[in-house]
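**Student:** What would the 3D arrangement of this be:
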Amino acid sequence: MAADSDPESEVFEITDFTTASEWERFVSRVEEVLNEWKLIGLSAGSVNPEKGEYTSGTWGEKCLDINFADFKFYITHYFLKQECEKDNGKDKLEEDSFPLAMQDLLCMNNDFPPRAHCLVRWYGIREFVVITPGTNCEAIISESKCNLLHSSVSIALANSGCQVPMFVQIQQKWRRVYAGECQGPGVRTDFEMVHLRKVPSQYNHLSGLLDIFKAKIGCNLSPLPPINIAIRFTYILQDWQQHAWPQQPPDFDTLLGGEVGGVEFGKLPFGACEEPIRELHLATTWPHLAEGIVVDNDVYSDLDPLQAPHWSVRVRTADNPQCLLGDFLTEFFKLCGRKESTEEVLGRGMPEEEGKENSDISSALSKLTEPAAAVPISKLSVSNIVHSARKHIRRHRHTDESPLKTDVLNSVLLYLFPDAAVEKSSESSRNRTAPTNTSGIAEQEKTPDYNLYQHLKSAPSDSLTYRLALCVCLVNYTYGGLRAVAHLWQEFVLELRYRWENNYLVYGLAAGPPDLHCCLLHQKLQMLNCCIERKRARDEARKVLEGNRGRERKVSGGGPSNLPTAEAAAGSTREVSPGKSWDSWSDSEDEFFECLSDQGEGEAPHAEGDKEGSKVKAEGRLHPQGNMTLLNSTEPLYIPVTQEPAPMTEDLLEEQSEVLAKLGTSAEGTHLRARMQSACLLSDMESFKAANPGCALDDFVRWYSPRDYVEEEVEDEKGNMVLKGMMSSRMMIPGNMWVEAWESARVTPARRQRRLFDDTKEAEKVLHYLAVQKPADVTQNLLPCILHAAILKLKEEESVEDIPSVKKSIQQAISQASKLLHTLSHDYKKLEDFINQLMALETAITQARSLKAKFATCEGGTAEDTEELEKFVSSLLEDPEVVVLGAGQGPAGSIIHRLFINSQRAALLSPMEDEFGLEKKPGGGSNKVPDFPPPAGREILLRTCVPRPAPYSKALPQRLFCVLMKEEFRLAGAFSSDTTFF
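**Tutor:** Presented below is the predicted three-dimensional model:
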C-alpha cells in the first residue's frame, strides 16, 4: 500500500489536445479544396436551366486526391457550364436566398435526362461535389464510418459557407448509394437513399410511394400542399424476328457471287452478319400529374403507354457486331505480322530435285552470257526455264496440295490481266493494250474520289495494284489464308516475268515513269512497264532498220538515194510531233538502233573531222526553237531529240541520295558527285551538237537553261541600241561543270548514244524484288491500297444512307490515313487503331440501314410522314434519346407500336394462334395478348413544397425519386428543413 501511495510510482498520461487529429486534418483538407475551387459563398441568383440543357449542355469536372489517415479518397466537382448572367443590380438579401441546389429540386425542365450523372437524374441538381473511396480502397460499409464521413461533410460545409451540395459514396460501388447535404442561410437539405434488391409489394405502385413521401415530410397542414408527380415507364423491345436487318447471309461457296455487298473480285464486302441493333427502349412519360388525377395501385392503373402524352426512344446497339468489311481488313492486317517466306509456306521439292533444277537454271544463265549461241536465244530465256521448272514442280505436286484451286486461280488471274483473254501472239493485241488502259483511266479521272490515292499513297482505283490488293484480301479471307496468298503471289510474279520476256505490256498501269504519289509496289510495276516499253521500242526500231536494209539491197543502185528519203521521213515525223521525246517516237524511227560503246567511239573521229573542214550534216532534230538562231551563224536553233531521263522509284532515289551523300563535302567528292549527276546533261549536249552543227555552249544554255543567259540592251559603235547576251555569273566560274561537259561532249545523236536507262538490268531488278517478297511484305505494300478501297466502300455506302456524322468521320479518317501512310516506316499499332475506326464507321452505317428498314414507311404514306421518319432515324443514331412526335399516334409511334405487337405475339402465341388472332383483330387490340410487355423500369418523381420541421417554418422544396425495376428498388430523397430555430 505504501508503494502504491508513493507519488513517484504514479504514471501520468498527458494528452496534447492542441495536436490535430487525422479527422480534423481531413476536414481541413476538404475545406481547402472547396476554397481552392472557389465554391465559397452564395450560389443564388442564377436563372433556371433551359429545357433539355442537362443533356445538350457541357458538363465540367475537377478531381483531386485527399487522404483520411492512410485511406485515399477522390473529391470531384461536377458542374454544368453555363454562360454567366450579367448582374442586374437586384441582389437578393442573404436571408431571402436559397441555395441553387434547392431551387433545382423543384425545376421541371430537366426531368429524366438521358445522359447525365446518376445524381443529376435523381436530384435534378446542376452542381455538386462527390467524395468517393480510392480505386483500390475498400468500400465504406460500416455505419460508424458512414456517419463519420457524413459529419465531416457537415462540418466542412458549415465552416466554409459552401452552398454547393456535397455527397459521400457509401456501401459497395456497384450499388451507387450516396449520402449528402446542402447548407444555406437558415436552411439545410439532407440527401438520403434506400437501395433494395426486390421491390416491396406495398410500394410497387404510385399510391404506396405517395404514402412513403407523405410520411417522410411529416407535414401536419390540412389540406396538404399539392404534390407534383412525373412518371416514366420504359419498355424494351428485343425481338426483331418480324423486321430483320437488311442483309442476306454471305455465300462464300460461290466463286463470283455478288451477295453481301459484293464478294466477287474487285469489290469489298459490306454489312453486318448479325443484327446490329440489340434493343429499342421506349420511354412513355407523364410529365405533370396531380395526385387525384391518376390512379395506380395494386388493383388498377390508369397508366396506359398508348395514352402517355410524351414518347421518347433510344436504341442499344450490339457490342462489336461481326461486319464483313471489318473482318476482311482484320484478317488482311494479320498477315503483315507473319514471318514465313513464300518457299516456307508453299514447301519445296526433294533436295535432289532442287539441285537438278538449280543446275539447269545456272547452265541456262551461263548460256545466256555466251557471245554466240547455237540455239535460238528465245529458247534459253529465264522465262522458259522458270516455266519449265514450274511445270516440273506441278508434276510432283498432288492436286489437293495446291492452296488455290485451278478455277479460282484462273479467275483471279483473268481479273488481274483481262488482256490475257486476247491472243497474245498477235501484234494487234500488243498495240491495243496500252490505249485501252489509258482510256479507262481518263474516264475515272472525272470522279471526285479518283485522286484520293495521292493522299493515301496507294494506287489508282482502276490500276493493277489496286485490283491485286482486293484479290489478295479476298483470297486470304475466303480461299485459304496465308498459303493461298503465297500461291497467288507466286503466279502473279511468274505472269509478270512472262510478259517481260515476251514484250507484253502489263495491263492496268498508267503510261510514263513511276508515280511517286503511289505505293512502292505500284512504282515497281510501273518501272517494269517502262522497261517493256523501251525494249519493245528498241525491237521495233531494229526490225524497221533491218527491213530498210533488205529493201536497199534489193533495189539496184538505190542504197545511197534511199537514205535521205528515210531521213526526210523521220524528220517529218518529228516536225508534226512537237515535244515528243526520243523514246516515244523511236518506235517508227527508220534508222533507230542501239549503239554499243565501240560504235559510239567510231562516231567521234568523224565528227571531229567535220568540225575542222566540211559542212556537217545535222541529225536528230525535233523542231526549231521559235525564231531563235545560232549566235555564230544565221542557222535556226533546233531542239534536239534527246534521251528521256532514267525513271526511278522512290527506293532508288533514296539509295542514290545516300550514295551521293557519302561522297562527302571535299573538293574531290563534290567533283565526283557533279559528274555522276551530269550524265543526262552530257547526253543532251551531244544531242544538241548533232542537231545544231557549229553551235556553241551559249546556244545550248539559251535553250536548256534560259535564266543562265542574260541579255541586255547596249549601244553599238553607230549609236544604235542592240541586244547583247552573255552567260550568267555561275556559268563563268572557272572549272564549271557545264563547260567541262561541253568540251567532252561528242557530236552524237540520241539514237547512237549509250542508253541512260538499261531496261534489261532494271527489269531484272524489279522481278527479283518481287520474287523475294514474303507474303507479309506483299500485304504491307498493299495495305495502303486496301485501306483506300475500304474508305471508298464506306463513302459509297454512306452516300446511300446519308449520315452526316459518318460523312464527317470519313473525312477525318482520310486526313489521318494520309499522315499514317506517307511515312517511310508504318506505325502498325496506329494502323490497327485506324482499322478499328473504319470498322466503327461500318457498324454505324449498318445500324442506320437496319433502323431505316424497321422504320420504313408503309404503302400509302404521305411525303411528310416519310420525311419525318427519315429525320427520326437519323436522330436515333446521333442523339442519346429522340422524342417521338405525336407520341403513339404519330407515324413513328405507330411503327413502334406495331413492332411491340409483333414481338408480343411472337413471344406469347403459337404460330396457329397468332394467325387466327391476326385475322380477328388486325389492329392488335386483343385482350388475350397485351400490346406491350410489362415495363422494364418505372421511374416516379414526387415534388412538393412544405414547411419543415414545424408548420410555422419556411416552405421548402421536398423531392423523392423512385426507381422500380425487376431486381432493383431505389428511393432517392431530398428533404429540406428550416434550421433557423432548430
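**Student:** need the contact list for the spatially most central residue of the chain.
**Tutor:** Centrality entry for the chain: nearest residue to the mean C-alpha point is residue 813, 3.6 Å, by CA atoms, centre = their mean. With contact set as CB atoms under 8 Å, 6 or more residues apart in numbering, residue 813 has these partners: 791, 834, 837, 838, 841. In this view, the C-beta of every residue, glycine as well, is placed from N, C-alpha and C.
**Student:** hang on, the fourth one packs against residue 326?
**Tutor:** Read it as residue 838. Yes: contact status for residue 838 versus residue 326: in contact at 7.2 Å, counting by CB atoms under 8 Å.
**Student:** For the stretch 501-650 of the chain, which residues score under the pLDDT cut-off?
**Tutor:** 552-616 (pLDDT under 70).
**Student:** Which residue ranges of it form strands?
**Tutor:** Counting by DSSP state E, counting those that start in this stretch, the stretch 501-650 of the chain has these strands, from start to end: 621-629, 636-640.
**Student:** returning to that earlier point: quick one: which helix or strand includes the residue nearest to the centre of the chain?
**Tutor:** Residue 813 belongs to helix 804-821 when assigned by DSSP states H and E.
**Student:** Report all helices and strands that the very next helix or strand once past that helix contacts.
**Tutor:** Using DSSP H and E, the helix or strand that follows helix 804-821 towards the C-terminus is helix 828-854. Applying 3 or more CB pairs under 8 Å, 6 or more residues apart in numbering; DSSP states H and E, one finds that helix 828-854 contacts strand 277-289, strand 310-317, helix 324-335, helix 775-801, helix 804-821, helix 863-878.
**Student:** let's go with 7 Å and repeat that
**Tutor:** If contacts are counted by 3 or more CB pairs under 7 Å, 6 or more residues apart in numbering; DSSP states H and E, helix 828-854 sits against strand 277-289, helix 324-335, helix 775-801, helix 804-821, helix 863-878.
**Student:** pLDDT of it, averaged?
**Tutor:** On average, the pLDDT along helix 828-854 is 90.
**Student:** again with stretch 49-66
**Tutor:** Rounded mean pLDDT across stretch 49-66 is 90.
**Student:** just stretch 720-732 next, same as before
**Tutor:** 76.
**Student:** What of stretch 907-926?
**Tutor:** 52.
**Student:** now stretch 230-239
**Tutor:** 92.
**Student:** next one: stretch 736-752
**Tutor:** Averaging pLDDT along stretch 736-752 yields 81.
**Student:** Distance from the chain centre to it, please.
**Tutor:** In terms of CA atoms, centre = their mean, to the nearest Å, the centre of stretch 736-752 is set 52 Å apart from its chain centre.
**Student:** Check stretch 223-242 too.
**Tutor:** Distance, stretch centre to chain centre, for stretch 223-242: 41 Å (CA atoms, centre = their mean).
**Student:** List the buried residues in that stretch.
**Tutor:** For stretch 223-242, a neighbour-count test (16 or more other CB atoms under 10 Å) marks 227-237, 239-240 as buried.
**Student:** check which helix or strand covers the residue lying closest to residue 37 once chain neighbours are set aside.
**Tutor:** The shortest distance from residue 37 to any non-neighbouring residue, by CB to CB, 6 or more residues apart in numbering, is to residue 77 (5.5 Å). Assessed by DSSP H and E, residue 77 sits inside strand 71-81.
**Student:** next structured bit after that strand?
**Tutor:** Later in the chain than strand 71-81, the nearest helix or strand by DSSP H and E is helix 100-104.
**Student:** looking at the sheet around the residue nearest to residue 37, what are its partners?
**Tutor:** Beta bridges link residue 77 to residue 62, residue 129, judged by DSSP bridges.
**Student:** my read: it touches residue 129, true?
**Tutor:** Yes: when contacts are counted by CB atoms under 7 Å, residue 77 is listed as touching residue 129 (5.2 Å).
**Student:** out of these two, which sits in the busier spot?
**Tutor:** More crowded of residue 77 and residue 129, by other CB atoms under 10 Å: residue 129, with 25 against 20.
**Student:** ok, back up a step: now tabulate the buried residues of stretch 223-242 in CSV and tack on distance to residue 270 and secondary structure.
**Tutor:** Written out in CSV, the entries for the buried residues of stretch 223-242 read as follows (distance: CB to CB, whole Å; DSSP: H, G, I helix; E, B strand; the rest coil):
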residue, distance to residue 270, secondary structure
227, 55, coil
228, 51, strand
229, 49, strand
230, 44, strand
231, 43, strand
232, 38, strand
233, 38, strand
234, 33, strand
235, 33, strand
236, 29, strand
237, 26, strand
239, 26, coil
240, 20, coil
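**Student:** Residue 899: which of those is nearest?
**Tutor:** residue 237 (5.8 Å; CB to CB).
**Student:** Distance check, the closest one against residue 286.
**Tutor:** The gap separating residue 237 from residue 286 is 21 Å, by CB to CB, to the nearest Å.
**Student:** Over to residue 159?
**Tutor:** 43 Å.
**Student:** same check, this time on residue 173
**Tutor:** Residue 173 is 33 Å from residue 286, where distance means CB to CB.
**Student:** neighbours of the nearest residue to residue 330 once chain neighbours are set aside, just the number please.
**Tutor:** Distances taken as CB to CB, 6+ apart place residue 835 nearest to residue 330, at 6.7 Å, with adjacent residues excluded. Residues contacting residue 835 under the criterion other CB under 10 Å number 19.
**Student:** quick one: contacts for the residue nearest to residue 519 when sequence neighbours are not counted?
**Tutor:** Ranked by CB to CB, 6+ apart and with sequence neighbours excluded, the top spatial neighbour of residue 519 is residue 784, at 5.0 Å. Neighbour list for residue 784: 456, 457, 458, 519, 821 [criterion: CB atoms under 7 Å, 6 or more residues apart in numbering].
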